[in-house]
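In: need a structure here:
(one chain, ligands or ions: 1)
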Amino acid sequence: MRTYWVETYGCQMNLSDTELMEGVLASSGYVSVSSPDEADVILVNTCAIRENAERRVLGRVAELNRVKTSHPDTLIGVCGCMAQRLGSRLIQDAEYVDMVLGPDAYRSLPEIIEQASARDAGVVDVGFRPTENYEGLEVRRQSGVSAWIPVQRGCNYRCTFCIVPHTRGDEKNRGPDDVLAEVRDLVERGITEFTLLGQTVNSYRYDDWDFPRLLRAVAGIDGVRRVRFTSPHPNDLTERLADAMAEEEAVCPQIHLPVQSGSDRVLKRMVRRYTRAEYLDKVRMLRERIPDIAMTTDIIVGFPGEEDEDFEATLDLVRSVRYDDAFTFKYSPREGTPATRMKEEWFVPDAVAQERLERLIRLVREIAAERNMDEVGRTTEVLVEKRAKRGELLQARTETNKVALIPGPDDWIGRYMDVVLTGTTGATFTAFPIESRQERTSRVAGAP
Ligand code: SAM
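Out: As a prediction, the model looks like this:
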């Protein structure tokens, strides 16, 4: 029996890819173990989006090398975007790495492991395979409650800061029949909440299918209670999509809509292909149709050429949209991306970028806390996901994608319940259950 251990860093697509790698390994007879020290194969699924993230992961890979002191035959594989970006350079710098794999190689994992164990030199497989459609692969899911469904891989946008087109290649969309069959199959296994994944998920196109049509089709499957999607690009946010979100009961009133900056000058240099006014129009369009929609975003500060007034424009946009939350980043130059070739004098000193980041985080938190305070006392429906990290409470999720912690037994996991939101830390809620939806349904069903 061969054993494996996988660690995952980065975005939801990576979490989903890990489920796929685990599925491929499980169907070849590998079993997962609870610590890297017991594993024949260690895989680290990495992110390349910012230099910091890369440095942390490299440190972790070096630390995992200690396993080889007691188990010299253990193989270490680096997968995902950093592997794709660095390729054989990774093995040159860290000779204890045995495999460097890009996502299109995951189907061949068992064969690659065989190759790596048969020879001294490491195996590097980071080629893009235009015909790889990820169909027919077993997926080992982490949750029995919710599922990630990748519907698109790669990206056709060329934002000047972004490494994703280099690491993930051009956009490839998955056939709708395959997507819908996967969802139906998961519904039969008891999963009711689905998140459709893609780098710019709403640019999805396949024959005469566009994203709103796919979203409606998924939402219309019997047994699908909640559908989300991430991340949409503001440019592809059409009235058709807003209508689908408003009209399909299963589509959650929530959107993560990356804005990146509130300044037109910066947006232009980022090649985001929308203006601040166009972005705000889309926000208005969504709120007109879905008044209670929760909105989150991504923002980069310190992009080359960002002046104080550009940053003030970003703060102003955050104040006007009043996001429920935001992921905030300091610009990190990524080798090979167009922004690294911008004029040297445009580069923002780290201390300035850091100060902007801190101001932005303070504002985002303040607004998020105010919005969440407004919700305390309300009754809302949550889906119970798992036992919370600290153990004594259950972690549940509202339709608007916010976390609520509730007291209760393990057998509530997977249930929809009405809860009263009793408090907030600013970011998450504490809540108290009113009654379990399933109990109510079964009482009604059993009633004379
Ligand atoms: N295609 C995805 C999207 O549009 O949401 C991008 C996902 S990326 C993993 C998440 C966020 O990382 C981006 O939206 C952006 O805010 C941030 N990011 C990307 N490249 C960056 C860079 N070079 N420096 C800092 N932040 C970056």
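In: For stretch 256-264, list the C-alpha coordinates in CSV.
Out: This file holds the C-alpha atoms of stretch 256-264, laid out as CSV (Å, rounded to 0.1, in the frame of the first residue of the first chain):
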residue,chain,number,x,y,z
HIS,A,256,-16.9,38.5,-5.3
LEU,A,257,-16.2,41.2,-7.9
PRO,A,258,-12.5,42.1,-8.0
VAL,A,259,-12.1,45.9,-8.7
GLN,A,260,-8.3,46.1,-8.1
SER,A,261,-8.3,50.0,-8.0
GLY,A,262,-10.7,52.9,-7.8
SER,A,263,-8.6,55.1,-10.1
ASP,A,264,-9.1,55.1,-13.9
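In: Show me what that stretch is in contact with.
Out: Applying CB atoms under 8 Å, 6 or more residues apart in numbering, the contact partners of stretch 256-264 are 159, 161, 230-234, 237, 266-267, 270, 272, 275-276, 279, 282-283, 295-300, 303, 306, 309-311, 313-318, 321. C-beta coordinates here come from the backbone N, C-alpha and C atoms, glycine included.
In: Select the longest helix from the chain.
Out: helix 350-375 (DSSP state H).
In: Sort out which residues of it are buried, please.
Out: 353, 356, 357, 360, 363, 364, 367, 368, 371, 372, 375 (16 or more other CB atoms under 10 Å).
In: Now distance to the ligand and pLDDT too, for those residues, in JSON lines please.
Out: JSON lines is the format used below for the buried residues of helix 350-375 (distance: CB to the nearest ligand atom, whole Å; pLDDT from 0 to 100):
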{"residue": "353", "distance to the ligand": "10", "pLDDT": "98"}
{"residue": "356", "distance to the ligand": "13", "pLDDT": "98"}
{"residue": "357", "distance to the ligand": "10", "pLDDT": "98"}
{"residue": "360", "distance to the ligand": "12", "pLDDT": "98"}
{"residue": "363", "distance to the ligand": "16", "pLDDT": "98"}
{"residue": "364", "distance to the ligand": "13", "pLDDT": "98"}
{"residue": "367", "distance to the ligand": "18", "pLDDT": "98"}
{"residue": "368", "distance to the ligand": "17", "pLDDT": "97"}
{"residue": "371", "distance to the ligand": "21", "pLDDT": "97"}
{"residue": "372", "distance to the ligand": "23", "pLDDT": "97"}
{"residue": "375", "distance to the ligand": "25", "pLDDT": "96"}
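In: quick revisit: what packs against the helix or strand that the longest helix of the chain is followed by?
Out: Downstream of helix 350-375, the first helix or strand assigned by DSSP states H and E is strand 379-387. Judged by 3 or more CB pairs under 8 Å, 6 or more residues apart in numbering; DSSP states H and E, strand 379-387 is in contact with strand 394-398, strand 403-406, strand 416-424, strand 429-436.
In: per-residue confidence averaged over the third one?
Out: Confidence for strand 416-424, expressed as mean pLDDT, is 96.
In: List the contacts of that strand.
Out: Against strand 416-424 from outside (CB under 8 Å, 6+ apart): 192, 225, 369, 372-373, 375-384, 396, 404, 406, 429-438.
In: Distance from the chain centre to that strand, please.
Out: Centroid separation for strand 416-424 versus its chain: 25 Å, with CA atoms, centre = their mean, to the nearest Å.
In: now that strand and strand 394-398, what's the angle there?
Out: 100 degrees (axes from the mean of the first three to the mean of the last three CA atoms, to 10 degrees).
In: TSV please, covering the helices and strands packed on strand 379-387 and showing distance to residue 69 and mean neighbour count.
Out: TSV is the format used below for the helices and strands packed on strand 379-387 (distance: least, CB to CB, whole Å; neighbours: other CB atoms under 10 Å):
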stretch	distance to residue 69	mean neighbour count
strand 394-398	37	22
strand 403-406	39	22
strand 416-424	47	19
strand 429-436	45	18
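In: is it true that residue 31 touches residue 1?
Out: Yes - between residue 31 and residue 1 there is a contact under CB atoms under 8 Å: 6.1 Å.
In: Which residue of these two possesses the greater neighbour count?
Out: residue 31 (12 against 6; other CB atoms under 10 Å).
In: ok, the nearest residue to that one once chain neighbours are set aside - contacts?
Out: Leaving aside its sequence neighbours, residue 31 sits nearest to residue 3 (CB to CB, 6 or more residues apart in numbering; 5.6 Å). Applying CB under 8 Å, 6+ apart, we find residue 3 in contact with 30, 31, 32, 33, 38, 39, 40, 41.
In: repeat that with 10 Å
Out: 25, 30, 31, 32, 33, 34, 38, 39, 40, 41, 42, 74 (CB atoms under 10 Å, 6 or more residues apart in numbering).
In: now these in JSON lines, with distance to the ligand, pLDDT and secondary structure?
Out: Output for the contacts of residue 3, formatted as JSON lines (distance: CB to the nearest ligand atom, whole Å; pLDDT from 0 to 100; DSSP: H, G, I helix; E, B strand; the rest coil):
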{"residue": "25", "distance to the ligand": "25", "pLDDT": "97", "secondary structure": "helix"}
{"residue": "30", "distance to the ligand": "28", "pLDDT": "97", "secondary structure": "coil"}
{"residue": "31", "distance to the ligand": "31", "pLDDT": "97", "secondary structure": "strand"}
{"residue": "32", "distance to the ligand": "26", "pLDDT": "96", "secondary structure": "strand"}
{"residue": "33", "distance to the ligand": "29", "pLDDT": "96", "secondary structure": "coil"}
{"residue": "34", "distance to the ligand": "29", "pLDDT": "95", "secondary structure": "coil"}
{"residue": "38", "distance to the ligand": "31", "pLDDT": "95", "secondary structure": "helix"}
{"residue": "39", "distance to the ligand": "27", "pLDDT": "96", "secondary structure": "coil"}
{"residue": "40", "distance to the ligand": "31", "pLDDT": "96", "secondary structure": "coil"}
{"residue": "41", "distance to the ligand": "26", "pLDDT": "97", "secondary structure": "strand"}
{"residue": "42", "distance to the ligand": "24", "pLDDT": "97", "secondary structure": "strand"}
{"residue": "74", "distance to the ligand": "30", "pLDDT": "95", "secondary structure": "coil"}
